[in-house]
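Q: Give me a 3D structure for the following:
(2 chains)
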There are 2 protein chains.
Amino acid sequence: MPVNLSAPRAEQLLPIPGFRIGVAEAGVRKVGRKDLTVMLLEPGAVVGGVFTQNRFCAAPVQVCREHLAAGHGVRAIVINTGNANAGTGEDGLIRARQTCIALARRLEVSPEQVLPFSTGVIMEPLPVDRIQAGLPAALADAKEDNWLRAAEGIMTTDTVAKGASRQATIAGRSVTVTGISKGAGMIRPNMATMLGYLATDAAIAPALAQPLAHALAEGSFNRVTVDGDTSTNDSFLVIATGKAGNPPITSLESTEGRALFDAMLAVARQLAHAIVRDGEGATKFITVQVEGGRDAAECRQVAYAIAHSPLVKTAFYASDPNLGRILAAVGYAGIGDLDQTRIELHLDDVHVATGGGRHPAYREEDGQRVMKQSEITVRVGLGRGAATDTVWTCDFSHDYVSINADYRS
Amino acid sequence: MPVNLSAPRAEQLLPIPGFRIGVAEAGVRKVGRKDLTVMLLEPGAVVGGVFTQNRFCAAPVQVCREHLAAGHGVRAIVINTGNANAGTGEDGLIRARQTCIALARRLEVSPEQVLPFSTGVIMEPLPVDRIQAGLPAALADAKEDNWLRAAEGIMTTDTVAKGASRQATIAGRSVTVTGISKGAGMIRPNMATMLGYLATDAAIAPALAQPLAHALAEGSFNRVTVDGDTSTNDSFLVIATGKAGNPPITSLESTEGRALFDAMLAVARQLAHAIVRDGEGATKFITVQVEGGRDAAECRQVAYAIAHSPLVKTAFYASDPNLGRILAAVGYAGIGDLDQTRIELHLDDVHVATGGGRHPAYREEDGQRVMKQSEITVRVGLGRGAATDTVWTCDFSHDYVSINADYRS
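A: The predicted model follows:
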């Protein structure tokens, strides 16, 4: 059961002018399942992407990077579930390119203008024939008002479709931001979601596409973790169709830039949180906030040590205030000169530890009360400086093991 | 159920002349449980220790380091289970010292000649009064032929007592090595076991104690992992009583030094493996061997990424040859310039992947056959150099979650 999360209603996901979506059942791995999604962009759309840091990155990720770098603009996106086309060597690259070529022919654009995405099982050959055969149905389905179907079309072990919209006024014009994401396991820093797509009809300068995508990822998808496994296929794409008619935004520091960034970050963060809320086996949503570090990087390092500790995560699952496990994770996070006598620990409003030991006023009933909640904030003070950082994660339950032990069956 | 591991019989754990052990039920946390162990050394024993790298190290670890550094020799060791005396601040240090003082008085030695060890729940005050009250019974129980009771006396979530012995001939004299260990969760590199004690009657030079302890830990306890959580209390102690009467060994490079090291490493490795075999919820024993690295450190880094991946570990649990998960872990291990087209993967004798993709001759039935075994070797080739390293771990099952969600109840 996802934590305080339900699928959006179709009408809550607002269409983005200049951006159409079509979904089909191509039988990539199983029949009777929406597993093929195409996204069609009118000429002039600006696109930026952020991809997995895994050195074993999947073939479609390599092809996406090449096609974005080629700079011919993006006219179409094709996404399949059921097969990740990762760990597939040279043959995988050929199959990813064949997918692009097939869609490019139907659209009469160049293959470099198509970005391919795959998610699913690793190290099995991508069934390009089935994807090609499914393209006509996906294209026939294409319309602007189709975001919910796309959110469903990219799901794998997700239990809930993930999408959000927001509107803002920029330079006197109303602009819309809509995004979808998928992912529930193999989720970790350095491009955290498996797949995320965020589109707006605002106009932005082409040079702003990559900085915008990076800044949005840093504030959202790169701060969530379910199990610490970085996928081979993680991808986050930002699309600006420019149809809102505002003068193109050239800087994130301008008033208009900030307004757009805020609206997009709100949607991106909601999508990233949705991935944690739907984390494999998750029963709780945990915010890990680390303060008092010398820099944000060391705060993040400590936050991830806590967020990845199986012992901490099982204690949250059990609602057991065995909070020494959090202190232990702080201690092994890798800060060599950490002074344990300066460590503070809060659980929501409860002051658990001070000066590295149990707070004199702390009572286990208070810790227990917070641990039973479905949303919990862990706040750690390092007492070394003024920097902070935040990571979002979930607990670790029997169902995580069941899901991952049974995933392929 | 531990993996191919059963408790040793009492007569398999050979006594070490000059080293007596006594065990008692002190009711530290629960009644009716062997939870207090003392070890008594005759004057002249040489002792070396290796301790947790966790910056949040427990009070007894801090006191052990102080007392070893003081250089007055070690005459006694006192170990309690049920309470880790970690995350207890200044008060924890006072209580650890009180324990040493109480035992020192009874033995008429100085408190600096006593080393304290604690394992159990974190962030609760150590019940020194109960430990003090239990000391007479533990001392009355002391005898050389008591290793199995000690192995039982230091258990926490262990399901099986862990101990091993070996004999060797050094300079014409028969020497004996006996060790015990405990630990089943919160196990990871940089001092991996919770507690390990390895004693020999061989004579060694005092200056060799620390190098010997480090070298033994590196080849055994520092190469095993259950869940990636580094404990606050991990300790490994090497004791040489000198009663065998050989001329004291001054170098590990001499014939005698090598003979002793080999015998001690064999016991240390057996004890370290026993911890993995009894890993919380373990159903399989996995050897992760990484070859072809530029140096051993990067091989170890890749081996630990594989050994810590919850997705890899649940796949082993399920006997599911979803081996792409191993490639993904290799990719995110943090080697920035890794060339995925050079990666090789074997599962025992089965060649799974070559050049970063599936091996043409690989058939899933072959992977399935190996995955069903209770002992599996994962062999990864990086294709970058000649270095290798090996890590031992276990799989990740429903029972791991159950044990850690229920540990304190």
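Q: separation between residue A:100 and residue A:68?
A: 12 Å (C-beta to C-beta, to the nearest Å). (Each C-beta comes from the backbone N, C-alpha and C, glycine too.)
Q: my bad, should have said residue A:378
A: In terms of C-beta to C-beta, residue A:378 sits 37 Å off from residue A:68.
Q: Also residue A:15?
A: 25 Å.
Q: Grab the longest helix from chain A for me.
A: As assigned by DSSP state H, the longest helix anywhere in chain A is helix A:255-277.
Q: and that one, does that touch chain B?
A: No. Residues of helix A:255-277 are not located near chain B by C-beta under 8 Å from any C-beta of the partner chain, the shortest gap being 15.2 Å.
Q: Okay, buried residues for that helix please.
A: A:256-257, A:259-261, A:263-277 (16 or more other C-beta atoms under 10 Å in any protein chain shown).
Q: Need the residues touching each of residue A:100 and residue A:68.
A: Common contact partners of residue A:100 and residue A:68 (C-beta atoms under 8 Å, 6 or more residues apart in numbering or on different chains): residue A:115.
Q: and the residue located most distally from the centre of chain A, what is it in contact with?
A: In chain A, the greatest distance from the average C-alpha position (C-alpha atoms, centre = their mean) is reached by residue A:360, at 40.3 Å. Residue A:360 makes contacts with residue A:354, as judged by C-beta under 8 Å, 6+ apart.
Q: Apart from its neighbours in sequence, what residue is nearest residue A:258?
A: Nearest in space to residue A:258, with sequence neighbours left out and distances taken as C-beta to C-beta, 6 or more residues apart in numbering or on different chains, is residue A:252 at 6.7 Å.
Q: Ignore what I typed, I meant residue A:371.
A: Setting aside the residues directly before and after it, residue A:371 is nearest to residue A:319 in space (C-beta to C-beta, 6+ apart), at 4.4 Å.
Q: cool, residue A:382 as well?
A: Leaving aside its sequence neighbours, residue A:382 sits nearest to residue A:292 (C-beta to C-beta, 6+ apart; 4.3 Å).
Q: Remind me which helix or strand the residue farthest from the centre of chain A belongs to.
A: Following DSSP states H and E, there is no helix or strand that holds residue A:360.
Q: That one and residue A:340: what is the separation?
A: Residue A:360 is 17 Å from residue A:340, by C-beta to C-beta.
Q: Could you verify that the residue nearest to residue A:258 is part of a strand?
A: No. Under DSSP: H, G, I helix; E, B strand; the rest coil, residue A:252 sits outside any strand and is assigned coil.
Q: circling back: so between residue A:378 and residue A:68, which is more surrounded?
A: Higher neighbour count among residue A:378 and residue A:68: residue A:378, with 25 against 21, using other C-beta atoms under 10 Å in any protein chain shown.
Q: Pop out the phi and psi values for that one.
A: Note on residue A:378: its backbone torsions stand at phi -100, psi 130 [degrees, to the nearest 10].
Q: got a list of what it touches?
A: Neighbouring residues of residue A:378 by C-beta under 8 Å, 6+ apart: A:286-289, A:306, A:326, A:345-347.
Q: neighbouring contacts of the host helix or strand of the residue nearest to residue A:382?
A: Per DSSP H and E: residue A:292 is located in strand A:285-293. For strand A:285-293, contacts defined as C-beta under 8 Å, 6+ apart pick out A:3-4, A:273, A:276-277, A:299-300, A:302-303, A:306-307, A:316, A:342, A:344, A:374-395.
Q: State which one residue of the stretch 101-250 of chain A is found closest to chain B.
A: residue A:122 (2.3 Å; C-beta to the nearest C-beta).
Q: List phi and psi for that residue.
A: phi -90, psi 150.
Q: I figured residue A:8 was touching residue A:163, is that so?
A: Yes. Assessed by C-beta atoms under 8 Å, residue A:8 is found in contact with residue A:163 at 4.8 Å.
Q: what touches both of the two?
A: Common neighbours of residue A:8 and residue A:163 (C-beta under 8 Å, 6+ apart) are A:148, A:151.
Q: quick one, which of the two is more surrounded?
A: Neighbours were counted for residue A:8 and for residue A:163 using other C-beta under 10 Å; residue A:163 has more, 27 against 21.
Q: residues contacting the more buried one?
A: Residue A:163 neighbours (C-beta under 8 Å, 6+ apart): A:7-8, A:12-13, A:147-148, A:151, A:178-181, A:271.
Q: Apply the buried test to those residues and list what passes.
A: Among the contacts of residue A:163, those classed as buried by 16+ other C-beta under 10 Å are A:7-8, A:13, A:147-148, A:151, A:178-181, A:271.
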